[in-house]
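Asks: sequence below, structure please.
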Amino acid sequence: MQMNNLDTLPKKKILSLFMTCGFPTLSQSKKIFNEMLSHQPDVIEFGLPFSDPMADGPIIQEANKLALSSNLSTQQSLNLIKELSKSKNNTSFVIMCYLNTVRKFGVDKFIKSIKNIVDGIIIVDLPFEEESEIKKSLSKNNIHLIKLISPMTDKKRAQKLLKGSKGFIYYISATGITGSNKLDYKEINKNVKSLKKMSKIPVLVGFGIKSKKDVLEISKKTNADGVIIGSALIQKYFDLKMDINKYLIDLRKFITEVKV
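Replies: Predicted coordinates:
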């Protein structure tokens, strides 16, 4: 069985970058992911476009819409990830998607398609009570099911969710949707510490991380093992009036900055 990159994540300062597949177009998406990969972040999260992404804020929703407007299929997204995986080296590949996408594609077929390509998967709306079959099949294929934990998750449920968990814990720093505002470091630290008592795997903080300053503050003021940046990466494309060449240059600068 191939090694799972998520099992060898560094102890601290883990950087995970999220981007929607096929955004803004399939060929431009390839360029964006290649730029991201060239920086060898610890994790790249591939968002599979979905028409009704409940947990995502307006920025990622817009990215989904653009990707889907050219009739992007799940198969095309998976082909893209497979192609990129040839040069992944030590970067962990994680898919972030909704249950409907997996079911529509066919659970077994989906897992077979991502075997030996991705290290983990986040199925945003998969209830813990219904995960056992999918989890078993993922484990068999050496793919870790990554859990999302929010400030609203009570301790008892968190313990249940994290039992035997692998990869990393995606800690949602704010209630609400991705790309939301103010980070409360005290609150984040309190919850991260509590999660660390329940599990030995790294805790990454996502939602609302927008700058090098945010990354440094998380690293200084909390016990988190790293950060996840998504909306901020996508926002830049719209800020630059959708100019892909300017965007790729800006992306390079931004990723270099946040790799602290």
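
Asks: mind exporting the C-alpha coordinates of stretch 240-247 to CSV?
Replies: The C-alpha trace of stretch 240-247 is given here as CSV (Å, rounded to 0.1, in the frame of the first residue of the first chain):
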residue,chain,number,x,y,z
LEU,A,240,-7.8,41.6,-10.0
LYS,A,241,-10.8,41.9,-12.3
MET,A,242,-10.5,38.3,-13.3
ASP,A,243,-7.2,38.8,-15.1
ILE,A,244,-5.6,35.3,-15.0
ASN,A,245,-2.0,36.4,-15.7
LYS,A,246,-2.1,39.1,-13.0
TYR,A,247,-3.7,36.6,-10.7
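
Asks: for Leu15, which non-adjacent residue is spatially closest?
Replies: Pro41 (4.7 Å; Cβ to Cβ, 6 or more residues apart in numbering). Using the backbone N, CA and C atoms, a C-beta is placed for each residue, glycine as well.

Asks: ok, now which ones touch the one you found?
Replies: If you count contacts by Cβ atoms under 8 Å, 6 or more residues apart in numbering, Pro41 has them with Leu15, Ser16, Leu17, Thr91, Ile255, Lys259.

Asks: among these, which ones are buried?
Replies: Leu15, Ser16, Leu17, Thr91, Ile255 (16 or more other Cβ atoms under 10 Å).

Asks: would you mind measuring from Thr74 to Ser51?
Replies: 12 Å (Cβ to Cβ, to the nearest Å).

Asks: if we can go back for a sec, where helices are concerned, which of the buried ones among the contacts of Pro41 count?
Replies: Ile255 (DSSP state H).

Asks: okay, the buried ones among the contacts of Pro41 in JSON lines with distance to Leu183 and pLDDT next?
Replies: Shown next, in JSON lines, are the buried ones among the contacts of Pro41 (distance: Cβ to Cβ, whole Å; pLDDT from 0 to 100):
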{"residue": "Leu15", "distance to Leu183": "17", "pLDDT": "98"}
{"residue": "Ser16", "distance to Leu183": "16", "pLDDT": "98"}
{"residue": "Leu17", "distance to Leu183": "18", "pLDDT": "98"}
{"residue": "Thr91", "distance to Leu183": "26", "pLDDT": "98"}
{"residue": "Ile255", "distance to Leu183": "20", "pLDDT": "97"}
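
Asks: now, the contacts of Pro41 that are in strands?
Replies: Among the contacts of Pro41, DSSP state E puts Leu15, Ser16, Leu17 in strands.
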